[in-house]
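In: Structure, please.
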Amino acid sequence: MTGKRVLLVDDEVDFTRSLGKVLSRRGFIVESASDGLTGLARIAQEPFDVIVLDVKMPGMDGLQVLSEIKRMALETRVILLTGHLSLTDEQKGIQKGAFAFLFKPVPITKLVGVISSAAVQS
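Out: Numbering: from 1, shown residues only. Next up is the predicted model:
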């Protein structure tokens, strides 16, 4: 996946740091943001092929960020992650156009596979 740009948006800094290292070793160009507003600011500055977005964050949550991404008519693939089981959130995310909805803790190999699949389709 050389050169594919990934933005990680999650308030769990250790998680984004670890995932970022794994993805970088696989050839992705990775950036991160610790909240939804910062993530949207990064998205407005430059394009990303894939955005991995936590659903539950302080301030603007992941579903709100996804809605804004779709309002901006971006073709970026969005993968939603959550540690809180909510079928309502999953349904809303898929209806709003998420590429995938995954529950934490997700095995890193599975997450990397989904990100790779999303990047290929971007």
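
In: which residue ranges form the helices in the protein?
Out: For the chain, the helices defined by DSSP state H cover 13-25, 36-45, 62-71, 87-95, 108-121.

In: which regions of this structure lie under the pLDDT threshold?
Out: Scanning the chain for pLDDT under 70 picks out the ranges 1-2, 85, 87.

In: can you tell me which residue is nearest the centre of the chain?
Out: Residue closest to the average C-alpha location in the chain (CA atoms, centre = their mean): residue 52, at 1.1 Å.

In: who does that residue bridge with?
Out: For residue 52, the beta-bridge partners are residue 8, residue 79 (DSSP bridges).

In: show me the contacts for it.
Out: 6-10, 19, 79, 81, 111, 115 (CB atoms under 8 Å, 6 or more residues apart in numbering). To be clear about C-beta, it is placed using only N, CA and C from the backbone, and glycine gets the same treatment.

In: Let me know the distance separating it from residue 63.
Out: 14 Å (CB to CB, to the nearest Å).

In: same deal with residue 110?
Out: Where residue 63 is concerned, residue 110 sits at a distance of 22 Å (CB to CB).
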